[in-house]
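*Asks:* no sequence on hand, only this structure:
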């Protein structure tokens, strides 16, 4: 039973991580290749704080805030660069984060931070907390999408120059997407650190950013339920089939490639394609 | 007092003078046509007005307020409705949604607060009115890919109208349309102006410009060469030379 | 003397970066694809070189197979992976390429083992003084190969009809097509040449380190992206300057910044700083 709980907890933490990236990349169209750096900032902040006997929830919030602050800084950078340049810049953020953490003794260097205190909620209690966070993040995502903010995000992701011609403050909106997305990544990091109770630089390697991005694009860039489904699938798959674990990266790589190659809209895009197809064919019948 | 006042604008790209000491005023209630041959500096002027291009010298004022350093979205919110020459509709939104995004400008003014605003029906209803105004309400629920070019041109204008601008700035709205379409669209612009909408029109189609504009400003080689009533301005030899070319005119004489 | 040594080590590293990054930048220049899987081809070059050498004992044959074989794989990747998604938004080919690269690395691991392959009889390891500078033969070969290959590329693009067709297509594909240039063939050529450079770089690094491992492309892949962005995306000259400067900056930076940042992060700090000042790279339009 303990194993399943732990598995479920890990899965939900990755859902928080991917939904947080979805706010930036999916909703607002700003491709980030370094999202796990913010998960890392949250994880290091929260775990160092609880090790210094600061209460768990305060540490969690502090991790979110710090990740959000760095997120706004990166967001400010994103205002200067676009498209490919932005993707490479955010990738750079991931490498700079890693390169920095590895050399810092006070962050544990290569060895990382171990014996992170147990938040004292019990395994089920912690799962409940993580689940609660998932629900909140989903609610926030739905709220954004239904609101005018989501409407503007959609416009920015398609054509930001035209959006500003309609009087929309594109920079502000982008910064909001970065602030929200990265602070939620910080939340995922704090939860992750107190779930595994041991973190080291490689926990936040570039390939983990790609994994988060894989969850977003396989689910369908911008689709909330698609992303949840893809995250659950991609994080559980290697666990259920132990033999896959050795080929986990091969699977990620091929899947990422195959989805982009054959259905660039992801699962959600694929579903949309089917719906559109029906809509068009029924429309053409009406026309006749 | 004029609505938009442009004073002594100079723009240099490298060593080339794209605009040199150009001044013009847009008065409330008029349709001002900004014309000139290719490369005269019309589009550069529009970009100075939107803020995409920074002038090396000169001022852009809206009712006396200096706009020079304001970003474009602020200029739009102060009442400048822009329609681009190359149509760029949001392709994943229907036409009416395209317009509603602009019509909901009150909801989107403060980005953080926009998270708590949901009501879209009013903006959508209003947007149908704007689409009707430019004569394309019948395709309100279509996606841009499904409608012809002429409709997208009108969509640009509807979007610009939706922010309830004090002036409409149109960049070659008639380009790419056939004569019948252009004429029909010009009628719509004329009617909008008749209802009180101030319009600055950058246009190549001289026949329509002559028909609907109340006043013209002519640019050539980055300089203002004429200004005044359309009939008079188009008769001026300097304007005809600019369009036809000096050599040709002399040859005919 | 330490400075000179650091400088030469930097140039050496920089010329390897240049070989990888120039291929990447000509792909970007023509197709606007950030071709991360390019580094997978570089690794493949390493494998081809070491495997052929270990079987036949011929370095020349190893080099030919590494370059031409990888060149052909480059064309295949373009045809099967990129051509169908060229009209998608830019993040689509980028992510597809990252996926492809990860899959390639894993395939190498499964096929050739995770510990890597070494040369059975390591070639070009002897020290050789030239003009008072002591470097290994392999290191001299590296410098020579970069000059010859990149110089050859410059000659090809400036002095031949093929190069003319190529440059015309980069500038304006439609116009070039109207002059009877087949754009598809230009793209194939583009991938072929870019991949040859990557294959050569892979083989060289395999010899220098006497080790070819599945992950040897990881760091160069992302660093090469940083370099081509610094170089202004699509500018060969900018890429060369960026690659060589980065090599030198890294070799000094490791000495003076090693306490704060590791070697791989220096490239990206440099990148981010440059992009903040010049959002489109150092050499836009050269």
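*Replies:* That came through, no problem. Owing to the predicted nature of the structure, the values given are computational and were not obtained by experimental measurement.

*Asks:* any idea which helix or strand carries the closest residue in space to residue B:205 that isn't next to it in sequence?
*Replies:* In space, and not counting its chain neighbours, residue B:205 is closest to residue B:174: 4.6 Å by CB to CB, 6 or more residues apart in numbering or on different chains. (C-beta placed from N, C-alpha, C; glycine too.) Assigned by DSSP states H and E, residue B:174 belongs to neither a helix nor a strand.

*Asks:* residue B:174 and residue B:208 touch, don't they?
*Replies:* Yes - using CB atoms under 8 Å, residue B:174 makes contact with residue B:208 at a distance of 5.9 Å.

*Asks:* flag the shaky bits of chain C, pLDDT-wise.
*Replies:* For chain C, residues meeting the criterion pLDDT under 70 lie at C:1, C:258, C:283-286.

*Asks:* output the contacting helices and strands for the longest helix along chain B.
*Replies:* In terms of residue count, the longest helix belonging to chain B (DSSP state H) is helix B:179-194. Judged by 3 or more CB pairs under 8 Å, 6 or more residues apart in numbering or on different chains; DSSP states H and E, the packing partners of helix B:179-194 are strand B:31-35, helix B:149-162, strand B:198-202, helix B:206-212.

*Asks:* what do residue B:174 and residue B:208 both touch?
*Replies:* Residues touching both residue B:174 and residue B:208 (CB atoms under 8 Å, 6 or more residues apart in numbering or on different chains): B:182, B:186.

*Asks:* picking up where we left off before, and for the longest helix of chain B, what's in contact with it?
*Replies:* So helix B:179-194 is contacted by B:29-31, B:133-135, B:150, B:153-154, B:157, B:161, B:168, B:170, B:173-174, B:177, B:199, B:201, B:205, B:208, B:211-212, B:214 (CB under 8 Å, 6+ apart).

*Asks:* spatially central, which residue of chain B would that be?
*Replies:* Computing the C-alpha centroid of chain B and ranking residues by CA atoms, centre = their mean puts residue B:170 first, at 1.6 Å.

*Asks:* for it, list each beta-bridge partner.
*Replies:* Judged by DSSP bridges, the bridge partners of residue B:170 are residue B:83, residue B:201.

*Asks:* in this structure it contacts residue B:197, no?
*Replies:* No - Residue B:170 is beyond contact range of residue B:197, at 10.8 Å (criterion: CB under 8 Å).

*Asks:* derive a ChimeraX selection command for the buried subset of the contacts of helix B:179-194.
*Replies:* Remark: buried members of the contacts of helix B:179-194, expressed as a ChimeraX selection using 16 or more other CB atoms under 10 Å in any protein chain shown:
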select /B:30,31,133,134,135,150,153,154,157,161,168,170,173,174,177,199,201,205,208,212
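
*Asks:* re the thing from before, from chain A, how far off is the residue nearest to residue B:205?
*Replies:* When distance is defined by CB to the nearest CB, to the nearest Å, residue B:174 is 19 Å away from chain A.

*Asks:* what's the pLDDT at that residue?
*Replies:* pLDDT for residue B:174: 89.

*Asks:* contacts only, for it.
*Replies:* Contacts of residue B:174 by CB under 8 Å, 6+ apart are B:153, B:182, B:185, B:186, B:203, B:204, B:205, B:208.

*Asks:* switch these over to a markdown table; also include pLDDT.
*Replies:* Output for the contacts of residue B:174, formatted as a markdown table (pLDDT from 0 to 100):
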| residue | pLDDT |
| --- | --- |
| B:153 | 90 |
| B:182 | 91 |
| B:185 | 92 |
| B:186 | 92 |
| B:203 | 89 |
| B:204 | 85 |
| B:205 | 86 |
| B:208 | 90 |
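
*Asks:* flag every residue of chain A that's near chain B.
*Replies:* For chain A, the residues in contact with chain B under the definition CB under 8 Å from any CB of the partner chain are A:143-144, A:146-149, A:151-152, A:154-155, A:158-159, A:161-162, A:164-173, A:176.

*Asks:* taking the residues you listed one by one, which sit in helices?
*Replies:* Using DSSP H, the subset of the residues of chain A next to chain B located in helices is A:143-144, A:146, A:148-149, A:151-152, A:154-155, A:158, A:161-162, A:164-165, A:170-173, A:176.

*Asks:* just the buried ones among these, please.
*Replies:* With neighbours counted by 16+ other CB under 10 Å, those contain buried members at A:144, A:148-149, A:151-152, A:154-155, A:158, A:162, A:164-165, A:170-173, A:176.

*Asks:* which of those residues sit farthest apart?
*Replies:* The span of these, defined through CB to CB, is set by A:144 and A:165 at 22.9 Å.

*Asks:* which element is the residue in the stretch 51-200 of chain A positioned nearest to chain C on?
*Replies:* Going by CB to the nearest CB, chain C is nearest to residue A:99 of the stretch 51-200 of chain A, at 2.2 Å. Here residue A:99 sits within helix A:83-103, counting by DSSP H and E.

*Asks:* same for that helix, what does it pack against?
*Replies:* Here helix A:83-103 touches helix A:36-51, helix A:56-80, helix A:206-219, helix C:91-112, helix C:218-230, helix C:263-277, going by 3+ CB pairs under 8 Å, 6+ apart.

*Asks:* so residue B:164: helix, strand or coil?
*Replies:* Recorded secondary structure, residue B:164: coil (DSSP: H, G, I helix; E, B strand; the rest coil).

*Asks:* now do it, the pLDDT please.
*Replies:* 93.

*Asks:* roughly how far apart are it and chain C?
*Replies:* Per CB to the nearest CB, residue B:164 is found 33 Å from chain C.

*Asks:* quick one: contacts for that residue?
*Replies:* If you count contacts by CB under 8 Å, 6+ apart, residue B:164 has them with residue B:79.
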